[in-house]
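Trainee: Mind folding the following:
(2 chains, ligands or ions: 1)
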Amino acid sequence: MPEALVKALDELTVAWQDAMADEAFVSEFERVLRDYAGTPSRLYHAERLSRQVGARVLLKREDLNHTGAHKIRNVMGQALLTKRMGKTRVIAETGAGQHGVASATAAAWFDLDCTVYMGAVDTRRQALNVARMQLLGAKVVPVESGSATLKDAINEALRDWVASVDHTAYLFGTAAGPHPFPSMVRDFCRGIGDEAREQCLEQYGVLPDAVAACVGGGSNAIGLFTAFLEDEGVEIHGFEPGGDGVETGRHAATIHAGEAGVLHGARTYVLQDEDGQTVESHSISAGLDYPGVGPQHSWLAAMGRATYTPVTDRQAMDAMALLSRTEGIIPAIESAHAVAGALDVARRLGEEKGPDATVIINLSGRGDKDMGTAIEWFGLGDAEGEAEPVVATAPGEEA
Amino acid sequence: MASTTTAFEKARAEDRAALVGYLPAGFPSVDGSIAALRTMVEAGCDVIEIGLPYSDPVMDGPTIQAAAQQALERGIRTRDVIDVVQAVAETGVPTLVMTYWNPVERYGVERWATDLAAAGGAGLITPDITPDHGGAWSAAADAHDLDKVFLVAPSSTDERIAMTSAASRGFVYAAAVMGVTGAREATSDLAGPLVARVRASGDIPVAVGIGVSTGDQAAEVAGFADGVIVGSAFVRALLDHPDDEAAGLAALRTLTEDLAGGVRRG
Ligand SMILES: Cc1ncc(COP(=O)(O)O)c(C=O)c1O
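Mentor: Reported below is the predicted structural model:
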């Protein structure tokens, strides 16, 4: 990390540790999440889907949170901390726009000035979220440099932060980046797993056999996984964006295909060339389109405690259609990666252990923001025209 | 190999600041960058900094980032940077590489130090690695007698300034504004106090960078620092003459002379 940011990161580390040790802060955080963000989110038994795969599929409904994704947990935590530190402005980077929307929301609620950096490519594919951020009072800055996606938005936000650090907090959107962000974001998101674990025990009297989440930077995944790390019988699965297929080189499967390196102040797996230049990532989901990954996931992968598997754009879009048709739930394309991968796990566990085998999938967000992509992918929206209804197939089945 | 320390001592003996000039390798092309850097040497730069173009240059402003991106798009490789170092170091001017960390790690720290030293390079400036996280680099630099230039910022605590000065060799780079590289209208009022704090921590030379683009600004900074670092203004001189190499080099020469005059007035 640049020396210019060391003091700010040190101050943030101290402030976060103090806050987490302060009961008043923790209970205020819990109150804000409950009363405003709408947690705990439901743990929902997807019965039709369960019948299709022969195992019990439970969805952790983070898509029902205020602003439509798990991101609100992290942001409310960081914004509360910003207030506590006496800062008046927040900046954020965003890929899909969900973190930007959550940041703009928190800024509105806490009365903070807000600027959001977003890759110019992403401002086009997530135009609806740009408008939401603007309506909430945030300034959205399109970033044209580099690949004009999430990693470049992070570069630009870091540049802003170097110049504004005395009065500005950087609300980092995922469990990556320099210390203390990966650990702090995990702390603010770990309610996902704590709730899911308790709900599963309460509703079904057992721990799940597996938990699954999509991994971009890794915040929703680490939020779910943390509660289950000590439960040896629980398989932990992260699903990475496989894009056009890892073998094509057009993907963002960082753990699967990246190599150890340093990006954005974290030592982790990075998609890079032989010269250590970051390689442009590709995913149909803007929120997963990041060539790095949170260092805790690198560590869990290296330890063998969690398994990370790529899911292609096509598999994710098929899963998006499947969940929509069978359960009436339109997931974010990010979350659809988790659904696609987890249904294969569920099918295997169902065969091994029978229909009570239980898989929790983190449904990290809802698909409203992705309707533009869905319209294009499936050829939707023409009621009079030729477009056929989307045929939903379960993974592993022929269309 | 030319020594950075000697270059600073010479300037100090002449009762002036040293002029440190920066350009990214491979901009506008590999040969073009060699010609440009040699022109800067002839026209009065005392120390040369060669940027290693990197995909994610967090500390650089739009001007330098645009130049580095152009170099990358034209296919510059780490190995080419070493070649540029060799061509410039042959002039006898101490030649450092300014680089973000990941490309060095990828090249291999030991291999990098060996190849840089063999090319006559003087050392490294590392904008995104601090001495407390630079153990591997420090060890390799010590083994190959290379300079280690670390940065201090206005936000650095006194303890960190002391730690950084003690760990640096060649000079300490004082990033004089809280912000990224780029020419600015006025020099920063944070620079003087920052230099004074580095001075208080030892007698290693302190060079001030970020924002200087004219002889008058250089003169002002030379009034309190041992070195004046200029980057974006040189890049701008070349960017302003995209299709005319001779005009670009002439602009570079005029700018260098203006800045070299500035460090002698300060
Ligand atoms: C709904 C949703 N899920 C997941 C992600 C990916 O982020 P992370 O990997 O940090 O959970 C995003 C990011 O924008 C998102 O919007």
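
Trainee: how far away is the residue of the stretch 51-200 of chain B found nearest the ligand from residue B:210?
Mentor: Closest residue of the stretch 51-200 of chain B to the ligand, CB to the nearest ligand atom: residue B:56 (18.7 Å). Where C-beta positions appear, they are placed from N, C-alpha and C, glycine not excepted. With distances taken as CB to CB, to the nearest Å, residue B:56 is found 19 Å from residue B:210.

Trainee: okay, those two: which has more neighbours?
Mentor: Between residue B:56 and residue B:210, counted using other CB atoms under 10 Å in any protein chain shown, the more crowded position is residue B:210 (27 against 24).

Trainee: for the record, mean pLDDT for stretch B:43-53?
Mentor: Average pLDDT, stretch B:43-53: 98.

Trainee: mind checking the end-to-end distance for it?
Mentor: 24 Å (CA to CA, to the nearest Å).

Trainee: In three-state terms, label residue A:362 for me.
Mentor: strand (DSSP: H, G, I helix; E, B strand; the rest coil).

Trainee: Show the contacting residues for the residue lying closest to it once chain neighbours are set aside.
Mentor: Excluding its sequence neighbours, the residue lying closest to residue A:362 (CB to CB, 6 or more residues apart in numbering or on different chains) is residue A:213, at 4.0 Å. If you count contacts by CB atoms under 8 Å, 6 or more residues apart in numbering or on different chains, residue A:213 has them with A:220, A:221, A:223, A:224, A:225, A:237, A:238, A:239, A:338, A:361, A:362, A:364.

Trainee: what about the closest residue to residue A:12 other than its chain neighbours, neighbour count?
Mentor: Closest residue in space to residue A:12, ignoring its immediate chain neighbours: residue A:180 at 6.0 Å, by CB to CB, 6+ apart. Residue A:180 has 19 neighbours, counted by other CB under 10 Å.

Trainee: again, but for the one 3 residues further on
Mentor: When neighbours are defined as other CB under 10 Å, residue A:183 has 18 of them.

Trainee: In what element of secondary structure is it found?
Mentor: According to DSSP states H and E, residue A:183 maps onto helix A:181-189.

Trainee: Which other helices and strands does that helix contact?
Mentor: Applying 3 or more CB pairs under 8 Å, 6 or more residues apart in numbering or on different chains; DSSP states H and E, one finds that helix A:181-189 contacts helix A:3-20, helix A:71-84, helix A:219-225, helix A:295-303.

Trainee: Minimum distance to residue A:49: which of the ones you listed has it?
Mentor: Across these, residue A:49 has its closest neighbour in helix A:219-225 (18.2 Å, CB to CB).

Trainee: Does that closest one reach the ligand?
Mentor: Yes: with CB under 6 Å from any ligand atom as the criterion, the ligand is reached by helix A:219-225 at A:219, A:220, A:221.

Trainee: Give me the three-state assignment for the residue nearest to residue A:362.
Mentor: Going by three-state DSSP: residue A:213 is strand.

Trainee: Helices along the stretch 1-150 of chain B, start to end?
Mentor: With helices called from DSSP state H, counting those that start in this stretch, the stretch 1-150 of chain B shows them at B:4-13, B:30-42, B:62-73, B:78-89, B:101-107, B:109-118, B:135-143.

Trainee: Format those helices as JSON lines; extra columns: distance to chain A and mean neighbour count.
Mentor: Converted to JSON lines, the helices of the stretch 1-150 of chain B look like this (distance: least, CB to the nearest CB, whole Å; neighbours: other CB atoms under 10 Å in any protein chain shown):
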{"stretch": "helix B:4-13", "distance to chain A": "20", "mean neighbour count": "17"}
{"stretch": "helix B:30-42", "distance to chain A": "14", "mean neighbour count": "20"}
{"stretch": "helix B:62-73", "distance to chain A": "6", "mean neighbour count": "20"}
{"stretch": "helix B:78-89", "distance to chain A": "5", "mean neighbour count": "21"}
{"stretch": "helix B:101-107", "distance to chain A": "3", "mean neighbour count": "23"}
{"stretch": "helix B:109-118", "distance to chain A": "11", "mean neighbour count": "18"}
{"stretch": "helix B:135-143", "distance to chain A": "12", "mean neighbour count": "17"}
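
Trainee: I'd like those laid out as a markdown table, including distance to the ligand.
Mentor: Formatted as a markdown table, these follow (distance: least, CB to the nearest ligand atom, whole Å):
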| stretch | distance to the ligand |
| --- | --- |
| helix B:4-13 | 43 |
| helix B:30-42 | 39 |
| helix B:62-73 | 25 |
| helix B:78-89 | 31 |
| helix B:101-107 | 21 |
| helix B:109-118 | 31 |
| helix B:135-143 | 30 |
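
Trainee: for the ones you listed, which one sits closest to residue B:129?
Mentor: Of all the helices of the stretch 1-150 of chain B, helix B:101-107 sits nearest to residue B:129, with 4.6 Å by CB to CB.

Trainee: Which secondary structure elements does the closest one sit against?
Mentor: With contacts taken as 3+ CB pairs under 8 Å, 6+ apart, helix B:101-107 sits against strand A:259-263, helix B:78-89.

Trainee: Let's have these in TSV, adding distance to residue A:283 and mean pLDDT.
Mentor: Formatted as TSV, the helices and strands packed on helix B:101-107 follow (distance: least, CB to CB, whole Å; pLDDT from 0 to 100):
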stretch	distance to residue A:283	mean pLDDT
strand A:259-263	17	96
helix B:78-89	28	98
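
Trainee: Rebuild the ones you listed as JSON lines, extending it with distance to residue A:349.
Mentor: Formatted as JSON lines, the helices and strands packed on helix B:101-107 follow (distance: least, CB to CB, whole Å):
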{"stretch": "strand A:259-263", "distance to residue A:349": "32"}
{"stretch": "helix B:78-89", "distance to residue A:349": "47"}
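
Trainee: Check the residue nearest to residue A:362 and give its pLDDT.
Mentor: 99.

Trainee: does residue A:269 sit in a helix, a strand or a coil?
Mentor: strand.

Trainee: How many residues are close by the residue lying closest to it once chain neighbours are set aside?
Mentor: Closest residue in space to residue A:269, ignoring its immediate chain neighbours: residue A:258 at 3.7 Å, by CB to CB, 6+ apart. By other CB under 10 Å, 23 other residues sit near residue A:258.

Trainee: and if you look at the one 10 residues further on?
Mentor: By the measure other CB under 10 Å, the count of residues near residue A:268 is 26.

Trainee: thought it was touching residue A:260?
Mentor: Yes: using CB atoms under 8 Å, residue A:268 makes contact with residue A:260 at a distance of 7.4 Å.

Trainee: which residues do these two both contact?
Mentor: Common neighbours of residue A:268 and residue A:260 (CB under 8 Å, 6+ apart) are residue A:298.
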